[in-house]
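Undergrad: Generate coordinates for the sequence data below:
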Amino acid sequence: MAGTVDAITADRSEDVIAQNATLHRKIDWKGAFWVASGVPALVLFSIGAIAATVGKPSWIVWMLSISFGFIQAFTYAEIAGLFPHKSGGASVYGAVAWVKYSKFIAPVSVWCNWFAWSPVLAIGSGLAAGYMLSALFAPDAVINTWQITLLDLGGIKDGLVLRINATFILGAAVLLSIFAIQHGGILRSAKATLVLGVTALVPLMLIGLVPIFTGDIPQAHFFPLAPLAHDAAGRVIDGNWDMGGYTLMAGGLFIAAWSTYGFETAVCYTREFKNPKTDTFKAIFYSGLLCIAVFTLVPIAFQGHLGLGQLVTPAVVDAKGAVTTAAVYNGMLAPDIYSGTGVAAVMSNMVGGGGFVANLMVIMMVLALALSIMTSMAGSSRTLYQASVDGWLPKYLSHVNEHGAPTRAMWTDLCFNLILLMMSDYVFILAASNVGYIIFNFLNLNSGWIHRMDRPNWDRPYKAPTILLMLGGLLGYVNLALMGMGADIWGAGTLKTGLIFAALIVPVFIYRHFVQDKGVFPHAMLEDMQLDKDEDNVKNKAGILPYVALIAGVAVVYIGHSIAQY
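TA: Residues are numbered from 1 along each chain as shown. I've put the predicted structure just below:
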């Protein structure tokens, strides 16, 4: 069947029809760089929530987090080079390392990577819709306040509902428009993101650089470097570096990772590179440099302009002491900054120039969000596609259209995100999906040394320095500790919700592997694992170490969560 020809077979085939039935090799590293250039716009997703939760140290959170992400990228660049015929990113390459030790651990990596990246579509389109509605209409206008509640999800998180409102309708229109562009294949997507990338990165770089040149960075907005706290009356005060302060910092680093580590998506397109041996490393390296600039400068400028904020309206408490109306703050603590809907307006004011310039900046930031949605749709759909080709997910996802676009995977992504778009709390969605992202990072950072031990003689177009490979493995545990300590500051049950969703891959994989494939992996996957050849080339030389790594990882999450609760 032409729709399910695997990439390695197509690459080796002289049959043009077979080659066209899989992803097409049409871009170089610069194309992937522009597709991945949507990652810097992810700063817009959580910059407000982190600032409103951590307080003055939030700029340190971003600098530490992008530093962690850059170190980890070297491991991803190495493992991507091992499999130039594969698409789908680091999770797919890492799954090959784990599959010989457990059939069930490997698909967790792919699944967690997908459900971490996929919500960018819903959150990004929701924020873009919110930016447009806020710019065009007053907050109390009917178009901003009407809502049809479909389902109360308070059992998952207080106040969470499934609803239809103007944000959903406008966000859905944004999603469908971007889907139409992606339908034309990676080359058209790369060209579109080149245009969007230039348009979107201009405001982000202006926002980051203008305050530095104007000197609009008051020292009082950054120091003393103390975590956020409140006194008995709800007024903002400097907190202490006790367990509460460290938990806030862990929560900030946990949620920032969802944005700052995201440029690893540049290796999602290895299967579509004209020259994967050289393009893979260049794509992720230069994407990383761009992200270092944006994730360092923009949070500093944002915090310098806005300041921490103070109490405006005290909380209203009933006779039993329960809060009936939450306190209202300004600055970084304002409600629309936490939700993200007010970030565009603040950033527009940062560059000055009056109403016209402010509206122009809002438009450019909407385009920045559109770019991040394109990046996510391209990467997450290819993860689903390659996971299907490799035998992790149902077969129907293996299909591509005549342009080489994985359309069934894209439709699956779209439908899933239309449901997420109806949810009322995007910060909770981001935090819960980030549980999967941290699990993915842990498994794949450890896959680097597993590949080194099991496949020492395989060709490595790029070989990471051993010290960076080991630092990446160590950061895998640091990420788990941050998740254990900090996930639930974004809503009670965040960690549990993320872990439950991660476990859903088990029945899905059982259906694909044992029902559809009768317990045998597809030929291309067997070839990657060296199971249909002489086993001398690949052996389980890591022994029990992968199992020890897993047990240690579970222990780190449990201890971190227990410490934070205590």
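Undergrad: Touching, residue 218 and residue 307? I think so.
TA: Yes: applying CB atoms under 8 Å, one finds residue 218 in contact with residue 307, separated by 7.2 Å. Just so you know, the C-beta spots here come from the backbone N, C-alpha and C atoms, and that holds for glycine as well.
Undergrad: Look at those two and report which has more neighbours.
TA: residue 307 (17 against 13; other CB atoms under 10 Å).
Undergrad: tell me the contacts of that one?
TA: 218, 220-221, 331-332 (CB atoms under 8 Å, 6 or more residues apart in numbering).
Undergrad: Kindly recompute the last result at 7 Å.
TA: Residue 307 makes contacts with 221, 331-332, as judged by CB atoms under 7 Å, 6 or more residues apart in numbering.
Undergrad: and if you look at residue 231?
TA: Per CB under 7 Å, 6+ apart, neighbours of residue 231: residue 237.
Undergrad: same thing but 10 Å
TA: 237, 311 (CB atoms under 10 Å, 6 or more residues apart in numbering).
Undergrad: before we move on, what about residue 329?
TA: Residue 329 touches 52, 230, 234-236, 308-313, 335, 337-338, counting by CB under 10 Å, 6+ apart.
Undergrad: Distance of it relative to residue 254?
TA: 23 Å (CB to CB, to the nearest Å).
Undergrad: Pretty sure residue 434 sits against residue 116.
TA: Yes: judged on CB atoms under 10 Å, residue 434 makes contact with residue 116 at a distance of 6.3 Å.
Undergrad: Can you pick out the residue with more neighbours from these two?
TA: Taking neighbours as other CB under 10 Å, residue 434 and residue 116 compare with residue 116 leading, 31 against 26.
Undergrad: Can you find the helix or strand of the protein with the lowest average pLDDT?
TA: helix 16-20 (a mean of 41; mean pLDDT, DSSP states H and E).
Undergrad: Any stretches of the stretch 401-550 of the chain with poor pLDDT?
TA: 403-404, 524-538 (pLDDT under 70).
Undergrad: how does it look with 80?
TA: The stretch 401-550 of the chain contains residues with pLDDT under 80 at 401-405, 461, 523-540.
Undergrad: All the strands of it, in order from the start?
TA: Ranges of strands within the stretch 401-550 of the chain: none, based on DSSP state E, counting those that start in this stretch.
Undergrad: do the same with the chain
TA: Assigned by DSSP state E, the chain shows strands spanning 148-152, 161-164, 228-230, 236-238, 311-313, 316-317, 323-325, 328-329.
Undergrad: Okay, helices next: where are they in the stretch 1-150 of the chain?
TA: Along the stretch 1-150 of the chain, counting by DSSP state H, counting those that start in this stretch, helices occupy 7-12, 16-20, 29-35, 43-54, 58-81, 90-99, 105-117, 120-136, 142-145.
Undergrad: roughly how far apart are the residue located most distally from the centre of the chain and residue 234?
TA: Distance from the C-alpha centroid of the chain peaks at residue 319, with 43.0 Å (CA atoms, centre = their mean). Separation of residue 319 from residue 234 (CB to CB) stands at 18 Å.
Undergrad: Check residue 100 too.
TA: 56 Å.
Undergrad: more neighbours, the two?
TA: Neighbours per residue (other CB under 10 Å) separate residue 100 from residue 234, with residue 100 holding more: 18 against 15.
Undergrad: where does the more buried one fall, phi/psi-wise?
TA: phi -80, psi -10 (degrees, to the nearest 10).
Undergrad: tally of neighbours for the closest residue in space to it that isn't next to it in sequence?
TA: In space, not counting the residues next to it along the chain, residue 100 is nearest to residue 540; the distance is 5.5 Å by CB to CB, 6 or more residues apart in numbering. By the criterion of other CB under 10 Å, residue 540 has 14 neighbours.
Undergrad: Likewise for the one 3 residues further on?
TA: Using other CB under 10 Å, residue 543 has 11 neighbouring residues.
Undergrad: re the thing from before, in terms of mean pLDDT, which of the strands of the chain ranks lowest?
TA: Mean pLDDT values for the strands of the chain show the minimum at strand 323-325, a mean of 78.
Undergrad: can you list the weak-confidence ranges in the stretch 201-350 of the chain?
TA: 201-204, 210-216, 264-283, 318-324, 340-341, 344-345, 347-350.
Undergrad: Where do the helices of the stretch 451-566 of the chain begin and end?
TA: Using DSSP H, counting those that start in this stretch, the helices found in the stretch 451-566 of the chain span residues 466-486, 494-503, 505-510, 523-529, 545-565.
Undergrad: now swap in the stretch 201-350 of the chain and tell me
TA: Under DSSP H, counting those that start in this stretch, the stretch 201-350 of the chain gives helices at 243-260, 276-306, 335-339, 343-350.
Undergrad: how about the shortest one: buried residues?
TA: Pointing back at helix 335-339 there. In terms of neighbour count (16 or more other CB atoms under 10 Å), helix 335-339 has its buried residues at 336-339.
Undergrad: swap in the last one?
TA: Within helix 343-350, the residues that qualify as buried are 343-348, 350, counting by 16+ other CB under 10 Å.
Undergrad: before we move on, what about stretch 393-400?
TA: By 16+ other CB under 10 Å, the buried positions in stretch 393-400 come out as 393-395, 397-400.
Undergrad: Quick one: mean pLDDT for that stretch?
TA: On average, stretch 393-400 scores 85.
Undergrad: how close does the residue nearest to residue 511 when sequence neighbours are not counted get to residue 464?
TA: Nearest residue to residue 511, sequence neighbours excluded (CB to CB, 6+ apart): residue 394, at 7.0 Å. Noted for residue 394: a distance of 34 Å to residue 464, by CB to CB.
Undergrad: Check residue 116 too.
TA: Taking CB to CB, one finds residue 116 at 23 Å from residue 464.
Undergrad: again, but for residue 474
TA: In this view, residue 474 and residue 464 are 14 Å apart by CB to CB.
Undergrad: circling back to that earlier point, residues shared between the contacts of residue 434 and residue 116?
TA: Taking CB under 10 Å, 6+ apart as the criterion, residue 434 and residue 116 both touch 257-258, 261, 498.
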